[in-house]
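> Sequence below, structure please.
(2 chains)
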Amino acid sequence: MISIKLDNVSLAYRLYEKLTLTAPDRRLGGLGGKIGRSGGKQVVQALEDVSFELKAGDRLGLIGPNGAGKTTLLKVLYGIYQPSAGTVAIDGKVDALFNINIGFRPEATGRRNIVLRGLISGWTEAEIQEKMPEIIAFSELGDFIDVPFKTYSQGMAARLAFSAATALDPEILLMDEWIGAGDAAFQEKAKRRMDELAEKAGIIVLATHNESLLESVCTKRMTLKNGRVEAFTTKPAKRAGTRAKS
Amino acid sequence: MRCHMPIEMAIRDGLGGSLWPAKNNAPEQRIAILPAMIAALNGAFDDISKAMRLHRVWIALAHEDIGDQHRRTTLGPLWMLVNYLAFIGTFIFVFKTKDTDSAGYTAYASIGLVVWFYLMEMISLSVPLFSREASFIQGTRLPLFVYVMRLTVQCIIRASYSVAGCIVILLLSGLGVSAEWLLSIPGLLLIVLATPAIVTVFAFLGAFFPDAQFIVGNIMRVGTFLTPVFWAYHGQGGIQNYAYHWNPFTYFLEVVRAPIASGEFPMHAFAVTAYISLAFWAVALLLLGGYRKRVVFLI
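Numbering: from 1, shown residues only, chains lettered A, B, ... in the order given. Predicted coordinates for the structure are as follows:
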């Protein structure tokens, strides 16, 4: 059963300071986690006591100001950051899209990048070759697929990244803000693919500042601020195939 | 990848301990050293076995690296061969005297330089390894050992060009091919086997102590002269005595060079190189097991 369950997850990490003779300039800001001191060391509390549970078919939107902990939470879910306290239980095949350029090599062609990205995600050579035409078709890059990645625009890169990440039917898809980079037509297409994915009883977690995207894609929303959960709400179901619970 | 992971964070942290000392102070900090080391070793083997299953990734990335370094050049990777030949040509021209046995010195210097180039490149590229791979480390779940193997393969590919140049020089030097040359193979294999461990140790050093990049860079530059790469040791005293006997690089060079240059298997050098390699592997496994989850916060 595909699920995500977080219990009192906290993430704190130490900041390494450079030797400096200049006076520190510390102003109180409303952004980011809390910077504290522990035993003379500077420590950032990026997430604090985050608990929630998602079941198959849930689409969670993460919102909050810059530095609230949205991307950090996604990276905890993906397994890149190990929380300093609490438990994370994830059941399902996870894929993530954090940054368009991650895992892409600027000098390699789009086609070669699909191969590399597939290998990195643990696909076999045969799976990659089988999915290749579909990825290229979905990205609508046409002849640009054989041109070096560095010549792509942000939107083209986003198309390729999204097409590759969703090609192997991940059960859990984690996505950061950048999805807005594609043009309107591609966003609509991406939205449809996310719908399909959620309808196959997958889970989507999307971090965004874009209210309309969140409104149209997500069934649940979680507001983060300074690494803490401020609100967790469930939207009443509007369309068939999506499930929501209060 | 399907993962089911009720992760008990404090336990899995192994040697690393907690990042937030104020909260998790009391009993966990008194963890006995032995169980912590066993946990670290388990973590390291887990990372290594996952990386080995992903061998296609690091082989593909290493090839991309080599390709990128020479993209749009006419000679491509052959530049590595040209570099080597230019260097060794200069050395032989400058250092060959009437007294030195010409063929012997050519073999001595050309083999020494192959191994030295390999070690120097491997160590210098290892120190900034994790910060160079920051976007991958912060964006994918690839085991850290994948990056170590990627650099290892890249160094081996690069070295193979200078090895090819070296073989040509040896054949042209008039030294005469002999079966003893094969005795260099165990030494070469030992160096290749030690490579991932050395890369790991220097990569962690660079991640935790960024100044190391410059310290190591300077040491390696000075090392070119303090290591018997193109000067030979014949029982001289003074600095050359210390630079020969107390320099670990000497033994790495000798295991490959002695069988070809003097026709003998260097048992002592082989043993010293093996001990150094084992020590590097021990440290590398502990670092990988205990600190691999922390690297992402450092780079």
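> C-terminal to the lengthiest strand in chain A, which secondary structure element comes first?
In chain A, assigned by DSSP state E, the strand with the most residues is strand A:41-55. Counting by DSSP states H and E, the next helix or strand C-terminal to strand A:41-55 is strand A:59-63.
> what's the following helix or strand after that next one?
Next along from strand A:59-63, by DSSP H and E: helix A:70-78.
> Give the other helices and strands that that next one contacts.
strand A:3-15, strand A:41-55, strand A:59-63, strand A:85-97, strand A:172-175, strand A:203-207 (3 or more Cβ pairs under 8 Å, 6 or more residues apart in numbering or on different chains; DSSP states H and E). C-betas here are computed from N, CA, C, even on glycine.
> 10 Å instead?
strand A:3-15, strand A:41-55, strand A:59-63, strand A:85-97, strand A:172-175, strand A:203-207, strand A:220-225, helix B:134-139 (3 or more Cβ pairs under 10 Å, 6 or more residues apart in numbering or on different chains; DSSP states H and E).
> for the record, mean pLDDT for that helix?
For helix A:70-78, mean pLDDT rounds to 90.
> That helix versus strand A:203-207: what angle between them?
Helix A:70-78 and strand A:203-207 are oriented at 150 degrees to each other (axes from the mean of the first three to the mean of the last three Cα atoms, to 10 degrees).
> Tell me which residues touch the nearest residue to A:G64 once chain neighbours are set aside, please.
Nearest residue to A:G64 in three dimensions, chain neighbours excluded: A:L224, at 3.8 Å (Cβ to Cβ, 6 or more residues apart in numbering or on different chains). For A:L224, the contact set (Cβ atoms under 10 Å, 6 or more residues apart in numbering or on different chains) comprises A:33, A:47, A:50, A:62-65, A:67-70, A:72-73, A:207, A:230-232.
> Make a ChimeraX selection of the buried ones in those residues.
Command for ChimeraX, covering only those of the contacts of A:L224 found buried under the criterion 16 or more other Cβ atoms under 10 Å in any protein chain shown:
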select /A:33,47,50,62,63,64,67,68,69,70,72,73,207
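> Report the buried residues of the longest helix belonging to chain B.
Taking DSSP state H as the criterion, chain B has its longest helix at helix B:144-172. For helix B:144-172, burial by neighbour count (16+ other Cβ under 10 Å) applies to B:144-159, B:161-163, B:165-166, B:169-170.
> Pull stretch B:201-220 out as PDB, backbone CA atoms only.
Presented in PDB, the C-alpha positions along stretch B:201-220 are these (Å, rounded to 0.1, in the frame of the first residue of the first chain):
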ATOM      1  CA  VAL B 201      39.500   9.600   2.400                       C
ATOM      2  CA  PHE B 202      40.600  12.700   0.600                       C
ATOM      3  CA  ALA B 203      37.000  13.500  -0.500                       C
ATOM      4  CA  PHE B 204      35.800  13.400   3.100                       C
ATOM      5  CA  LEU B 205      38.900  15.500   4.100                       C
ATOM      6  CA  GLY B 206      37.900  18.100   1.500                       C
ATOM      7  CA  ALA B 207      34.200  18.100   2.600                       C
ATOM      8  CA  PHE B 208      35.000  18.600   6.300                       C
ATOM      9  CA  PHE B 209      38.000  20.800   5.900                       C
ATOM     10  CA  PRO B 210      37.800  22.800   2.700                       C
ATOM     11  CA  ASP B 211      41.200  24.400   3.200                       C
ATOM     12  CA  ALA B 212      42.600  20.900   2.500                       C
ATOM     13  CA  GLN B 213      42.200  21.500  -1.200                       C
ATOM     14  CA  PHE B 214      45.000  24.100  -1.100                       C
ATOM     15  CA  ILE B 215      47.200  22.300   1.400                       C
ATOM     16  CA  VAL B 216      47.000  19.000  -0.600                       C
ATOM     17  CA  GLY B 217      47.600  20.900  -3.900                       C
ATOM     18  CA  ASN B 218      50.800  22.400  -2.500                       C
ATOM     19  CA  ILE B 219      52.000  19.100  -1.000                       C
ATOM     20  CA  MET B 220      51.400  17.400  -4.400                       C
END
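> Check which residues of it are buried.
Residues of stretch B:201-220 classed as buried: B:201-207, B:210, B:212-213, B:216, B:220 (neighbour count, 16+ other Cβ under 10 Å).
> ok, the residues you listed vs chain A, which is closest?
Proximity of these to chain A (Cβ to the nearest Cβ) peaks at B:P210, which lies at 8.6 Å.
> hang on, the earlier thing: if I look at the residue nearest to A:G64, what pLDDT would I see?
A:L224 is assigned 91 on the pLDDT scale.
> Kindly reformat the helices and strands packed on helix A:70-78 as TSV containing distance to B:A258.
Formatted as TSV, those follow (distance: least, Cβ to Cβ, whole Å):
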stretch	distance to B:A258
strand A:3-15	48
strand A:41-55	50
strand A:59-63	62
strand A:85-97	52
strand A:172-175	55
strand A:203-207	60
strand A:220-225	63
helix B:134-139	40
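> Tell me how many other residues surround the residue in chain A that chain B sits nearest to.
Residue of chain A nearest chain B, by Cβ to the nearest Cβ: A:I102 (3.3 Å). When neighbours are defined as other Cβ atoms under 10 Å in any protein chain shown, A:I102 has 17 of them.
> Over to B:M120?
The tally of other residues near B:M120 (other Cβ under 10 Å) stands at 19.
> what does A:S10 give?
Using other Cβ under 10 Å: A:S10 sits among 20 other residues.
> hang on, it packs against A:E48?
Yes - in this structure, A:S10 is within contact of A:E48 by Cβ atoms under 10 Å, at 5.2 Å.
> Next, show the common contact partners of the two.
A:85-86, A:227-228.
> For B:L183, which non-adjacent residue is closest in space?
B:P259 (3.5 Å).
> got a list of what the nearest residue to A:L141 once chain neighbours are set aside touches?
With sequence-adjacent residues excluded and distances taken as Cβ to Cβ, 6+ apart, A:L141 is closest to A:G110, at 5.9 Å. Neighbouring residues of A:G110 by Cβ under 10 Å, 6+ apart: A:104, A:135-136, A:139, A:141, A:143-149, A:151-152, A:156-157, A:159-160, A:163-164.
> Ok, B:Y244 next?
Applying Cβ under 10 Å, 6+ apart, one finds that B:Y244 lies in contact with B:226-228, B:231-236, B:250-251, B:254.
> Who does the residue most central in space within chain A form a beta bridge with?
Chain A has A:M175 as the residue nearest its centroid, 2.5 Å off, counting by Cα atoms, centre = their mean. Residues in a beta bridge with A:M175, per DSSP bridges, are A:L97, A:L206.
> for A:E53, same thing?
Under the criterion used (DSSP bridges), A:E53 bridges to A:K5.
> That one against A:M1, yeah?
No - between A:E53 and A:M1 there is no contact under Cβ under 10 Å: 12.0 Å.
> So the two - more neighbours on which side?
Between A:E53 and A:M1, A:E53 has the larger neighbour count (other Cβ under 10 Å), namely 12 against 7.
> any idea how far that one lies from A:D7?
9 Å (Cβ to Cβ, to the nearest Å).
> A helix includes the residue of chain A closest to chain B, no?
No - assigned with DSSP: H, G, I helix; E, B strand; the rest coil, A:I102 falls outside any helix and is coil.
> and the residue nearest to B:L183, what does it touch?
Contacts of B:P259 (Cβ under 10 Å, 6+ apart): B:111, B:178-187, B:265-266.
> doesn't it fall inside a helix?
Yes - judged by three-state DSSP, B:P259 forms part of a helix.
> Leaving out the residues flanking it, which one is nearest to the residue in the stretch 101-250 of chain B positioned nearest to chain A?
Distance from chain A to each residue of the stretch 101-250 of chain B (Cβ to the nearest Cβ) is smallest for B:G139, at 3.3 Å. Closest residue to B:G139 apart from its sequence neighbours, by Cβ to Cβ, 6+ apart: A:I102 at 3.3 Å.
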